[in-house]
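# pasted the sequence and its predicted model underneath.
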Number of protein chains: 2
Amino acid sequence: MAGIPDSVTMTALSHPAAPGPAGTPRPRTGRPTMAQVAEAAGVSPKTVSRVINGEPGVVATTAERVERAIAQLGYRHNHAAASLARGRTQDTVGLVIEGIAGRFYAELASGVEEVARAHGQQLLIASSEENPDRERETILALASRQVGGIIVVPRSGDHRYLRTELRSGLAVVFADRPPQRIKADYALVDNVAGAREGVTHLLRQGHRRIAFIGNELAVATSADRLEGYRQAHRDAGVDVDPALVVLGPTDVPSTEAALTRLATLPDPATAAFTQNSRLTMGAWRAIKQLDRPVALVGFDDFDLADVIDPPVTVVAQDPVELGRRAMHLLLRRIAHHNARHHHDILPTRLVVRGSGEIPPPRR
Amino acid sequence: MAGIPDSVTMTALSHPAAPGPAGTPRPRTGRPTMAQVAEAAGVSPKTVSRVINGEPGVVATTAERVERAIAQLGYRHNHAAASLARGRTQDTVGLVIEGIAGRFYAELASGVEEVARAHGQQLLIASSEENPDRERETILALASRQVGGIIVVPRSGDHRYLRTELRSGLAVVFADRPPQRIKADYALVDNVAGAREGVTHLLRQGHRRIAFIGNELAVATSADRLEGYRQAHRDAGVDVDPALVVLGPTDVPSTEAALTRLATLPDPATAAFTQNSRLTMGAWRAIKQLDRPVALVGFDDFDLADVIDPPVTVVAQDPVELGRRAMHLLLRRIAHHNARHHHDILPTRLVVRGSGEIPPPRR
DNA sequence: CCACGTAATGTCAGCGCTGTCAAGCTTCCT
DNA sequence: AGGAAGCTTGACAGCGCTGACATTACGTGG
């Protein structure tokens, strides 16, 4: 070593921010490096590395000396350098969602986070803000940051651009919506069955003209929920009137407008099934304004759905659990890169509260 | 160059995933490296680097050849290596929040993201899940990933552990709550004024016994909102009854219990001021169960507050704008590391809806 | 037609860390 | 006592990229 006796090294370093001993140059970043810690502790950099990474084979007294030097210098591990040296990241996974706002994504993220932390993984969330092009950019940005795996809530309809990443060893899991045009693990809610149950519930009340309000079909969840709506009608032997199926509204006002129109047709809708909670709130507001009762069942639960009047019957899903499942799939994939693809389908639950039990008007 | 004629290089590489030409070894990660791209394009690695980073001084035809090689090989930039070589990260900032769930944080994050993207920065969100110790870990984890700056919504009460990071050049901005025991930029809502306005509103209706329900005082927002409550009383010449101040409930059920107790005291509370939307919903539910009217004003707005009965009067804040401001502060700090510390204080807005205008019972 | 200025491209070291392997030091056995 | 075996520690190369500087190619004016 550089001729510094072990025993005096620590006390000699009283000003961590001041220019250090001449032997080891200060790093460009302004942060102390492992080499400086090593010098301060009177050991080799490799030993410092061992201590930091908890590798075995370091005697307690040495480890302690290193720890003290770390504390004294305010050393922070340089994750970029470590990733580079190792050739892979350690303990980091990414989550790509459309936007952080919205209860559904927030809960999904917290489920992912819960499992990630339990497995010592740091979770990085990046949002693609509803833009399919940005989705690709965001995923690649995360991948180039050497995360060990990525959970994607996809928006776009073609994920072939991920082939390269998958081939080069990136673990990718899809959540809430399945991958398109590539094979990968995914965790989903049983959208078809959930929607079918909700719509069947309305049909059982005697409704025959049930509006469906959803997003564009490009998003798989929409298509599935519409399929559930269709199946429920088929099971009940009722024809679907295409005029009652509205795809497109994404915000509260346009949903209000759409529902108002459908409920005031010459042959009006007497009930509505909405595809997500925002649309449900919009529909609920529209119904509140109308002078005739319209039944309502929504997909996805929301705060205060039980206390507004009428309280809203919903097909509830469990986004937190969805996140947990997705993270488990990801961990499995990271551990076994060549395992067979797995798919998790979560059930939904009909929560009866009132709005879905309004009978159709007698004629 | 390695003797490969420029003109045939591209077509010769038909199997990007197959073992490449012997000259350049395959990287350990399984992803192609810049050197391989360079070889494929018949240029030097540095030129590839120039193209990727958009540096000037590359002739269009060369750039195009490089682009083609990148596409063909499925090359992805290795961000870790780039950060290491540069000594700093490029275009990445971090956001540390307590938990992604909850409308407030979600909106704040989307404000941050909006500005970040507009400035070409990738945002990484990490959650500390309500645990003050985790907060430190999470921030340091982000810092060790070489982000250019961090926005923190702090939970803990002592941020001196950041001194080392600040000194070594990390840009840190606090949002929603000020830093404790260190100096730093921050963006806040005017909690004192907002709470004062809300409570004054209740006092003007004639209420003299107003409950305050909040979190632990350790969180600065709580302390400030309580201070606003006190100021309003002082301004109105009304004494605060300490028995009406309840700190601690964080979820709906415990808030319900607390309010029920206060409203059924021998000398009961006739109104309540709640410190955040979760508490407001809890209080609202409790009031709904009681046989006597209790006025309610809550801090922070929430979905459906206008349609429940009674509709809830709130002191609204703008979390999206708060996020935007914080991000602007961060950008400024990154650009000017030695600038003076800046503080942004956002105003609140009283939204009158009904629950806050319930008069005290005549006696 | 050549010296010279400028634009385009290449060379090379090294960022901070870790994997591999080798060296030094004990300890314990025969 | 001698040596094998085990343990702790160190030396060193190199991960993939970029900054600084060197070199080459290309025009241009005298």
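In hand now; what should we look at? Fair warning: this is a prediction, and the values are worked out from it, not measured in the lab. Numbers count the residues shown, from 1 in each chain, chains lettered A, B, ... in the order given.

# just the helices in the stretch 1-150 of chain A please.
Ranges of helices in the stretch 1-150 of chain A, per DSSP state H, counting those that start in this stretch, are A:9-12, A:34-41, A:45-52, A:60-73, A:79-86, A:103-118, A:132-144.

# point out the most buried one among those helices.
When you average the neighbours per residue for each of the helices of the stretch 1-150 of chain A (mean count of other Cβ atoms under 10 Å in any protein chain shown), helix A:34-41 leads with a mean of 24. Yep, even glycine has a C-beta here, placed from its N, CA and C like the rest.

# for chain A, what helix or strand is lowest in average pLDDT?
helix A:9-12 (a mean of 35; mean pLDDT, DSSP states H and E).

# can you tell me which residues in the stretch 1-150 of chain A are near DNA strand C?
Contact residues, the stretch 1-150 of chain A versus DNA strand C (Cβ under 7 Å from any atom of the strand): A:25, A:27-29, A:33-35, A:45-46, A:49, A:52-53, A:55, A:77-78, A:81-82, A:84-86.

# the most centrally placed residue in chain A and residue B:105: what is the separation?
Centroid-nearest residue in chain A, with Cα atoms, centre = their mean: residue A:109, separated by 4.4 Å. According to Cβ to Cβ, to the nearest Å, residue A:109 and residue B:105 sit 10 Å apart.

# identify the contacts common to these two.
residue A:100 (Cβ atoms under 8 Å, 6 or more residues apart in numbering or on different chains).

# run a quick neighbour tally on the closest residue to chain B within the stretch 201-350 of chain A.
Relative to chain B, the nearest point of the stretch 201-350 of chain A is residue A:304 (4.8 Å; Cβ to the nearest Cβ). By other Cβ atoms under 10 Å in any protein chain shown, the residues close to residue A:304 number 18.

# swap in residue A:236?
Applying other Cβ under 10 Å, we find 14 residues neighbouring residue A:236.

# same check, this time on residue A:343
12.

# give me every residue in the stretch 251-363 of chain A lying close to chain B.
Residues of the stretch 251-363 of chain A lying near chain B by Cβ under 8 Å from any Cβ of the partner chain: A:281, A:284, A:285, A:288, A:302, A:303, A:304, A:307, A:308, A:309.

# out of those, who's the most crowded?
Among those, the one with the most neighbours (other Cβ under 10 Å) is residue A:284, at 28 neighbours.

# so which strand or helix has it?
Using DSSP states H and E, residue A:284 sits within helix A:277-289.

# run through the helices of the stretch 201-350 of chain A in chain order.
For the stretch 201-350 of chain A, applying DSSP H, counting those that start in this stretch gives helices covering A:220-236, A:252-263, A:277-289, A:319-335.

# now render those as CSV, adding mean pLDDT.
As requested, the helices of the stretch 201-350 of chain A are exported to CSV (pLDDT from 0 to 100):
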stretch, mean pLDDT
helix A:220-236, 96
helix A:252-263, 94
helix A:277-289, 95
helix A:319-335, 96
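
# okay, those in JSON lines with distance to DNA strand C next?
Shown next, in JSON lines, are those (distance: least, Cβ to the nearest atom of the strand, whole Å):
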{"stretch": "helix A:220-236", "distance to DNA strand C": "40"}
{"stretch": "helix A:252-263", "distance to DNA strand C": "50"}
{"stretch": "helix A:277-289", "distance to DNA strand C": "45"}
{"stretch": "helix A:319-335", "distance to DNA strand C": "16"}
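
# domain assignment for chain A?
Following automatic domain parsing, chain A resolves into domains at A:6-77, A:91-189+A:320-346, A:191-317+A:349-357.

# quick one: which of those is nearest DNA strand D?
Of all the domains of chain A, domain A:6-77 sits nearest to DNA strand D, with 3.5 Å by Cβ to the nearest atom of the strand.

# low-confidence ranges, chain A, go.
For chain A, the stretches with pLDDT under 70 are A:1-29, A:130, A:363.

# which residues of the stretch 101-250 of chain A lie near chain B?
Where the stretch 101-250 of chain A comes near chain B, counting by Cβ under 8 Å from any Cβ, the residues are A:101-103, A:105-107, A:109-110, A:113-114, A:117, A:122-127, A:129, A:138, A:140-141, A:143-146, A:164-165, A:167-169.

# could you rerun that using 7 Å?
When proximity is defined by Cβ under 7 Å from any Cβ of the partner chain, the stretch 101-250 of chain A lies next to chain B at A:101-102, A:106-107, A:109-110, A:113, A:117, A:122-127, A:129, A:140-141, A:143-146, A:164, A:167-169.

# got a list of what residue A:215 touches?
By Cβ atoms under 7 Å, 6 or more residues apart in numbering or on different chains, the contact list for residue A:215 reads A:222, A:247, A:250, A:275.

# run the last query once more with 10 Å
Counting by Cβ atoms under 10 Å, 6 or more residues apart in numbering or on different chains, residue A:215 makes contact with A:221-223, A:225-226, A:247-250, A:275-276, A:278-279.

# give me the number of residues near the residue nearest to residue A:347 when sequence neighbours are not counted?
Counting by Cβ to Cβ, 6 or more residues apart in numbering or on different chains, residue A:347 lies nearest to residue A:190, which is 5.6 Å off, once chain neighbours are set aside. For residue A:190, the count of nearby residues is 17 (other Cβ under 10 Å).

# same deal with residue A:224?
Close neighbours of residue A:224, defined as other Cβ under 10 Å, add up to 22.

# the nearest residue to it once chain neighbours are set aside: neighbouring residues, count only.
With sequence-adjacent residues excluded and distances taken as Cβ to Cβ, 6+ apart, residue A:224 is closest to residue A:191, at 3.6 Å. Using other Cβ under 10 Å, residue A:191 has 26 other residues around it.

# measure residue A:191 to chain B for me?
Relative to chain B, residue A:191 is positioned 22 Å away (criterion: Cβ to the nearest Cβ, to the nearest Å).
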